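S.K.: got a sequence here, can you build the structure:
(2 chains)
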Amino acid sequence: MFLITCPFCGEREQSEFKAGGEAHIERPKQPTELSDDEWAEYLFMRKNIKGIQFERWNHSHGCRKWFNVVRDTSNDEIKSVYKMGEKPPTI
Amino acid sequence: MLNYNTSIKEDKSYPDLEMKEIKPIMKLIIRGKTKEFISAIGKNLSMLLPTEANTSTSGETLTAFWLSPDEWMLVSNEVVSEDTNAYEVENSLINNISKTNLGAITDVSDQFVIINIKGSKVFDLFATGSPFNFNEFKNKKGSVVQTILSHIDVIIHLTEINEVNLLVRRSFSQHLYSWLTDSASRL
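M.R.: Residues are numbered from 1 along each chain as shown, chains lettered A, B, ... in the order given. Next up is the predicted model:
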């Protein structure tokens, strides 16, 4: 269990949030031109690294807004939190 | 005559803690993003919507809760008539906000149940089932928080020091009230 600072509501406990997977995955501009492998790569393949990971989270039991979190997956340390549409910080 | 059957059958009283349902109260969800929307709401209600997170603003007859950057809940300060579920405020907001495409107005009067809890042990009770840190909240009259209580989504409004109004969805109200009474009896 850890605390997440929602960019809208402030510091809340993790159980108020839902994790939404890896952040900054861009939908291909021309999906019809992709091969099945490339489409599968976009749709299913995620990094799942041990270390610093960029993730999307949703404050589902609070303001219900989506935002981005930079989290160290090995010790759940939150490095940074930023809103949707903002540039990811360099870490 | 509207049907006001409720799952909360009785008021409860414990040492330093009292619980009762307050009904009927008008509740509206208002949503919108633009500056024009905020100023139109201000003109219509002659009160400002809170822009700071986890706060509320009160007018003579209404209180507005901050729920999210583009979502507020408007509740009546006093109980409304049991004979009708049409509200003057709602009609005026629908005409001036919804119909002009500035934002959305939704009547949630019957969706939420308001439980009033007062006494010096209010926050001891919440501490048994909520992950939220109430340390700052409990000293700031008018604070509002959306959080979890016993795994149930609730909105908590601090009306006075040591007195809160707890809003919970109707379908969860019976279960939450039974949890509250059980938990309060063990404090």
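
S.K.: mind saving the C-alpha coords of the longest helix along chain B as CSV?
M.R.: For chain B, the helix that runs over the most residues, judged by DSSP state H, is helix B:170-185. Taking C-alpha atoms only, helix B:170-185 is exported to CSV below (Å, rounded to 0.1, in the frame of the first residue of the first chain):
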residue,chain,number,x,y,z
ARG,B,170,-29.2,4.7,-1.9
SER,B,171,-28.5,1.1,-2.8
PHE,B,172,-25.6,1.0,-0.4
SER,B,173,-27.3,3.0,2.4
GLN,B,174,-28.8,0.1,4.3
HIS,B,175,-25.5,-1.8,4.4
LEU,B,176,-23.5,1.3,5.3
TYR,B,177,-25.9,2.3,8.0
SER,B,178,-25.8,-1.2,9.5
TRP,B,179,-21.9,-1.0,9.4
LEU,B,180,-22.0,2.4,11.0
THR,B,181,-24.2,1.4,13.8
ASP,B,182,-22.2,-1.8,14.4
SER,B,183,-18.9,0.1,14.3
ALA,B,184,-20.2,2.9,16.5
SER,B,185,-21.4,0.4,19.2
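
S.K.: who does that helix touch, helix- and strand-wise?
M.R.: With contacts taken as 3 or more C-beta pairs under 8 Å, 6 or more residues apart in numbering or on different chains; DSSP states H and E, helix B:170-185 sits against strand B:12-14, strand B:17-22, strand B:112-118, helix B:122-127, strand B:152-160. C-beta coordinates here come from the backbone N, C-alpha and C atoms, glycine included.

S.K.: at 7 Å instead, please
M.R.: Judged by 3 or more C-beta pairs under 7 Å, 6 or more residues apart in numbering or on different chains; DSSP states H and E, the packing partners of helix B:170-185 are strand B:12-14, strand B:112-118, helix B:122-127.

S.K.: show residues contacting the helix or strand hosting A:Glu55.
M.R.: A:Glu55 belongs to strand A:52-58 when assigned by DSSP states H and E. Strand A:52-58 is contacted by residues A:4, A:17-24, A:47, A:66-73, A:79, A:88, A:91 when judged by C-beta atoms under 7 Å, 6 or more residues apart in numbering or on different chains.

S.K.: tell me what angle the longest helix of chain B forms with strand B:152-160.
M.R.: In terms of direction (axes from the mean of the first three to the mean of the last three C-alpha atoms, to 10 degrees), helix B:170-185 departs from strand B:152-160 by 70 degrees.
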